[in-house]
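Asks: Output the structure for:
(chains A and B)
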Amino acid sequence: KQEVTQIPAALSVPEGENLVLNCSFTDSAIYNLQWFRQDPGKGLTSLLLIQSSQREQTSGRLNASLDKSSGRSTLYIAASQPGDSATYLCAVLRGSYIPTFGRGTSLIVHP
Amino acid sequence: DVKVTQSSRYLVKRTGEKVFLECVQDMDHENMFWYRQDPGLGLRLIYFSYDVKMKEKGDIPEGYSVSREKKERFSLILESASTNQTSMYLCASTEQGARQETQYFGPGTRLLVL
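Replies: Residues are numbered from 1 along each chain as shown, chains lettered A, B, ... in the order given. Down below sits the predicted model:
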């Protein structure tokens, strides 16, 4: 059974820092990996999707990498802002239409 | 702009009541999902549907049922609500065969069962 782990569970940083969120998965036979953002009391918003054949994806200040062989993905956030404060979840898809989610990293960026 | 909507943002129900949560998507997606999200437990799949009138149990289907009579609408039913079903409920959709496509989520319904 696929397991997805996110480290750290919580993170508090000052504004302007570059930071890295980690996601690891136990089965490397995946179709894709997605990073989502969730604001308190809201649904999930997709940030980046990395297909199994890709190594990374970029969107603005966000960069996500994928290393299938080691079962790892990182989400890099450059020049963090208070508006980046949210919970970030990763999800991997393998073998079916059903993704497996990590429990998320709760990020606070303080001014 | 793609959209998944859920009928209520907040609901308060009594133990034993029958509860309907509605989800509608406007993207013509075949696959639809119902999750619940609880602190410390993450997202857990309740049911999913890959076509009209088709459904599959997820990880925690007990106490729930679903209905998909039209492609755009997927309903979650709590036959007899209990306090342990107090949770955040999230609906999502994606294209069939969409192993390279993202899931789209609704805004969530926060249900309180008293």
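Asks: Specify the beta-bridge partners of the residue found closest to residue B:74 once you drop the neighbours it is linked to in the chain.
Replies: Spatial nearest neighbour of residue B:74, chain neighbours left out: residue B:32 (3.9 Å); criterion: CB to CB, 6 or more residues apart in numbering or on different chains. For every residue, glycine as well, the C-beta is placed using N, CA and C. Counting by DSSP bridges, residue B:32 forms beta bridges with residue B:49, residue B:93.
Asks: now residue B:76
Replies: With DSSP bridges as the rule, residue B:76 is bridged to residue B:21, residue B:66.
Asks: Run through the residues that contact it.
Replies: B:20, B:21, B:23, B:34, B:46, B:47, B:64, B:65, B:66, B:89, B:91 (CB atoms under 8 Å, 6 or more residues apart in numbering or on different chains).
Asks: now those: which count as buried?
Replies: For the contacts of residue B:76, a burial check counting by 16 or more other CB atoms under 10 Å in any protein chain shown picks out B:21, B:23, B:34, B:46, B:47, B:64, B:66, B:89, B:91.
Asks: wait, what's in contact with the fifth one?
Replies: Taking CB under 8 Å, 6+ apart, we find residue B:47 in contact with B:33, B:34, B:55, B:56, B:57, B:58, B:61, B:64, B:65, B:66, B:76.
Asks: Give me the three-state assignment for residue A:63.
Replies: strand (DSSP: H, G, I helix; E, B strand; the rest coil).
Asks: neighbours around the nearest residue to residue B:78 once chain neighbours are set aside, how many?
Replies: Nearest non-adjacent residue to residue B:78, counting by CB to CB, 6+ apart: residue B:19, 4.0 Å away. Neighbourhood size, residue B:19 [other CB atoms under 10 Å in any protein chain shown]: 20.
Asks: how close does residue A:104 get to residue A:43?
Replies: According to CB to CB, to the nearest Å, residue A:104 and residue A:43 sit 13 Å apart.
Asks: Neighbour count: these two, which is higher?
Replies: Taking neighbours as other CB under 10 Å, residue A:104 and residue A:43 compare with residue A:104 leading, 23 against 20.
Asks: what does chain B put close to chain A?
Replies: Within reach of chain A by CB under 8 Å from any CB of the partner chain, chain B has these residues: B:4, B:31, B:33, B:40-43, B:45, B:48, B:50, B:58, B:88, B:90, B:92, B:94, B:96, B:98-108, B:110.
Asks: residues near residue 29, how many?
Replies: Using chain A here. 11.
Asks: my bad, chain B
Replies: 21.
Asks: Distance-wise, check the closest residue to it other than its chain neighbours relative to residue B:19.
Replies: In space, and not counting its chain neighbours, residue B:29 is closest to residue B:93: 4.0 Å by CB to CB, 6+ apart. For residue B:93, the distance to residue B:19 equals 21 Å [CB to CB].
Asks: Helices along chain A, start to end?
Replies: In chain A, no helices are found when defined by DSSP state H.
Asks: Name the residues of it found near chain B, please.
Replies: A:31-32, A:34, A:36, A:41-46, A:49, A:51, A:89, A:91, A:93, A:97-99, A:101-104.
Asks: Next up, the contacts around the most centrally placed residue in chain B.
Replies: Taking CA atoms, centre = their mean as the criterion, residue B:34 is the residue nearest the geometric centre of chain B, at 2.7 Å. With contacts defined as CB under 8 Å, 6+ apart, the neighbours of residue B:34 are B:21, B:23, B:45-48, B:58, B:64, B:66, B:74, B:76, B:89-91.
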